[in-house]
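Engineer: fold the following and give me the result.
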Amino acid sequence: MNKVEAWIQEFEAYAEKLLDEAKAPGAAIGVARDGKMLYSKTFGYRDQEQELPISMDTVFGIASLTKSFTCVAIMQLQEAGKLSVHDPVTKYLPEFQAGGAELTSQMTIHHFMTHTPGMAPMPFLDGAMKRSMEQDPAIVGTEAEAELQGLPYLDTYEQVMEAIAGYEGKPLGAPGTAFSYNNDAYGLLGTIIERVSGQSYESYVTEHILQPLGMSRTVFDIADLDDQEDVTVLYTNKKTDGENQVIAAPFWHDAPAMRAAGFLKSTVHDLLAYLEVFRTGGENSEAPILSKASVSQMLTPFARCDGYRSYGYGLMVSPAFPDGKLIEHGGSLKGISSHLFAIPETGLTGVVLINLDGVAVRELIAGLLNTIASRPVAVPPYPVPQYELADEQLTEYEGRYESSEWMKAVIERREGALQIEVDGLSYPLIPVAPDSFLFKRRDSHVWIDFFRSPEGQIERMSYALRQLTKQEPFEESSK
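Structural biologist: I've put the predicted structure just below:
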């Protein structure tokens, strides 16, 4: 067996195990080197019930991979002299308010693009999706159905801004000081694109990004496809009588007022063409949609996400990845798990698309990159820093942490160590730096940061790229 065959065999065994554990109906994986297909593989079906196959042109939802397209549009408008990323948001959205007039006036387009406007996580993406979610049989009888009832319908940009203005949660801090993933801000970038360009967000992206790159099977609405046959059915996890089942849930969720945050559909082939923009640094002469300077700006690690990753514009950047600077982003909505990556130094680009939510796509990517680089398939790519924490320091981290975006975590001290409980499972926390911890979930390390008030009290923690606010000491929360 040659070296190429060995890594492929090792990766595919790993991928099949991960996909089987997740009960994923189907997946499409494509990797290119220097723009030429290096490896492509499909697993399962686009329609499990009818056993319909998947191809590199099968259309999947890509969710938050859309965010980088939104940022490309902003950078194009900056190149055209129609805006600057450092302009105040209120220059284009004068009715926008969040966290008081002083904080609002400081928020720039750059802050929206880097998830650093200082706004706490909000529940308004679900409000923007409410009409489509209410029509979805897969939502009936779930927690999401109950949560939806308390949310307003947010069908327009203006209604989204009104909801944000009325949000009573405390800001995380001044713009630029706190990273917390923010779909609401990204939705409003779509508003800015519309007002500056004079055309709808969807038509701008189609005309200025998708068409020049030849991305003919990338759309916001499946009805816009010439060929609607090779499109995945969506699947989701649903608990029935306490038992988890993967069910077909073909109804696509949509949010007309927040499409800029995550509602494109695409294919492996189309996304590999798109990634050439970032692999070549904008020097792709076949379709020069961005200048070299704009691509470089997008890939600048502006905001720290965790100990390994930073956020640029619509893409995450990991300068310390062992094979060279890793550019990546993931996406998740009902029926969608997606991830793309580029490592310009090695010429590698890649895409993973799956028709089920909740699949560990980052682990799949890590296993892929490990095997290509002849590392053990399941080894986490980053070392674990060593840090000692005195027993008496542990108690200040204990507590229940929540966000308005339905996210919850409990930190509890057990037998002289901290445990985190998230998504119904408990993991030991490993201290790695002052106020920073890791926990091992399957084959990856999840980084947790804690944040202090000016008085030195722990008041928030990070999880899943969001900041969660401490609700009360653990002793009270456990009563």
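
Engineer: what's the burial count for the closest residue to residue 343 other than its chain neighbours?
Structural biologist: Excluding its sequence neighbours, the residue lying closest to residue 343 (Cβ to Cβ, 6 or more residues apart in numbering) is residue 324, at 5.0 Å. For glycine as for every other residue, the C-beta is placed from the backbone atoms N, C-alpha and C. The tally of other residues near residue 324 (other Cβ atoms under 10 Å) stands at 15.

Engineer: which residues touch residue 324?
Structural biologist: Shown in contact with residue 324 (Cβ atoms under 8 Å, 6 or more residues apart in numbering): 343, 344, 345, 346.

Engineer: between all of those, which two are separated the most?
Structural biologist: 344 and 346 (7.7 Å; Cβ to Cβ).

Engineer: sketch out the low-pLDDT regions of the protein for me.
Structural biologist: Residues of the chain meeting the criterion pLDDT under 70: 1-3, 240-241, 284-285, 473-479.

Engineer: break it down into its structural domains.
Structural biologist: 1-380, 391-477 (automatic domain parsing).

Engineer: looking at those, which is buried most?
Structural biologist: domain 1-380 (a mean of 19; mean count of other Cβ atoms under 10 Å).

Engineer: for that domain, what is the distance to the chain centroid?
Structural biologist: For domain 1-380, the separation from the chain centroid amounts to 5 Å (computed by Cα atoms, centre = their mean, to the nearest Å).

Engineer: closest one of the contacts of residue 324 to residue 431?
Structural biologist: residue 343 (30.3 Å).

Engineer: for the closest one, grab phi and psi.
Structural biologist: Dihedral angles of residue 343 (phi, psi; degrees, to the nearest 10) stand at phi -130, psi 90.

Engineer: begin at 37, not 1, for the rest of this chat.
Structural biologist: Sounds good: first residue 37 from here, last item residue 379.

Engineer: who are the neighbours in contact with it?
Structural biologist: With the criterion set at Cβ under 8 Å, 6+ apart, residue 379 makes contact with 357, 359, 360, 361, 362, 363, 385, 405.

Engineer: what's the helix or strand for the last one?
Structural biologist: The reference is to residue 405. Residue 405 is part of helix 397-408 when elements are defined by DSSP states H and E.

Engineer: show me what that helix is packed against.
Structural biologist: For helix 397-408, the packing partners by 3 or more Cβ pairs under 8 Å, 6 or more residues apart in numbering; DSSP states H and E come out as helix 39-58, strand 62-69, strand 362-369, strand 372-379, strand 384-390, strand 480-488.

Engineer: who touches that helix?
Structural biologist: 43-44, 46-47, 50-51, 54, 65, 67, 359, 362, 364, 366, 373-375, 377, 379, 384, 386, 388, 390, 412-417, 478-480.

Engineer: ok, 7 Å please
Structural biologist: Residues outside helix 397-408 that contact it (Cβ atoms under 7 Å, 6 or more residues apart in numbering): 43, 46-47, 50-51, 54, 67, 359, 366, 373-375, 377, 386, 388, 390, 412-415, 417, 478-480.

Engineer: helix/strand/coil for the residue nearest to residue 379?
Structural biologist: When classified by DSSP: H, G, I helix; E, B strand; the rest coil, residue 360 comes out as coil.

Engineer: ok, it to residue 416 distance?
Structural biologist: Separation of residue 360 from residue 416 (Cβ to Cβ, to the nearest Å) stands at 17 Å.

Engineer: got it, and residue 470?
Structural biologist: Residue 470 is 21 Å from residue 416, by Cβ to Cβ.

Engineer: with residue 137 instead?
Structural biologist: Distance from residue 137 to residue 416, by Cβ to Cβ: 45 Å.

Engineer: got it, and residue 239?
Structural biologist: For residue 239 relative to residue 416 (Cβ to Cβ), the value is 42 Å.

Engineer: what about the helices in this structure?
Structural biologist: 39-58, 102-115, 137-142, 145-149, 160-170, 179-185, 193-201, 219-233, 237-241, 295-298, 304-315, 328-334, 397-408, 510-513 (DSSP state H).

Engineer: okay, the ones you listed in CSV with distance to residue 343 next?
Structural biologist: Converted to CSV, the helices of the chain look like this (distance: least, Cβ to Cβ, whole Å):
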stretch, distance to residue 343
helix 39-58, 24
helix 102-115, 22
helix 137-142, 27
helix 145-149, 22
helix 160-170, 27
helix 179-185, 31
helix 193-201, 30
helix 219-233, 24
helix 237-241, 33
helix 295-298, 26
helix 304-315, 23
helix 328-334, 22
helix 397-408, 15
helix 510-513, 25
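
Engineer: minimum distance to residue 456: which of those has it?
Structural biologist: helix 510-513 (11.8 Å).

Engineer: so what pairs up with residue 80 in the strands?
Structural biologist: residue 62 (DSSP bridges).

Engineer: what's near enough to touch residue 65?
Structural biologist: With contacts defined as Cβ under 7 Å, 6+ apart, residue 65 is in contact with 76, 77, 388.

Engineer: got a markdown table for those residues, with distance to residue 287 too?
Structural biologist: Shown next, in a markdown table, are the contacts of residue 65 (distance: Cβ to Cβ, whole Å):
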| residue | distance to residue 287 |
| --- | --- |
| 76 | 29 |
| 77 | 28 |
| 388 | 23 |
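
Engineer: ok, so of those residues, who is nearest residue 253?
Structural biologist: Distance ranking of the contacts of residue 65 against residue 253, using Cβ to Cβ, places residue 76 first at 15.5 Å.

Engineer: test my guess that the closest one contacts residue 93.
Structural biologist: No: using Cβ atoms under 7 Å, residue 76 makes no contact with residue 93, being 10.9 Å away.

Engineer: picking up where we left off before, out of the helices of the chain, flag the one nearest residue 351.
Structural biologist: Using Cβ to Cβ, the helices of the chain put helix 102-115 closest to residue 351, at 5.1 Å.

Engineer: wait, residue 113 touches residue 232, no?
Structural biologist: Yes: here residue 113 reaches residue 232: they are 5.4 Å apart, a contact under Cβ under 7 Å.

Engineer: now do the shared contacts for the two.
Structural biologist: Contact criterion Cβ under 7 Å, 6+ apart; residues shared by residue 113 and residue 232: residue 119.

Engineer: pretty sure residue 90 is in contact with residue 82, am I right?
Structural biologist: Yes: taking Cβ under 7 Å as the definition, residue 90 is a contact partner of residue 82 at 4.9 Å.

Engineer: ok so, going back, and the helices and strands packed on helix 397-408 as a markdown table, adding distance to residue 208?
Structural biologist: Below are the helices and strands packed on helix 397-408 laid out as a markdown table (distance: least, Cβ to Cβ, whole Å):
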| stretch | distance to residue 208 |
| --- | --- |
| helix 39-58 | 32 |
| strand 62-69 | 36 |
| strand 362-369 | 22 |
| strand 372-379 | 27 |
| strand 384-390 | 31 |
| strand 480-488 | 8 |
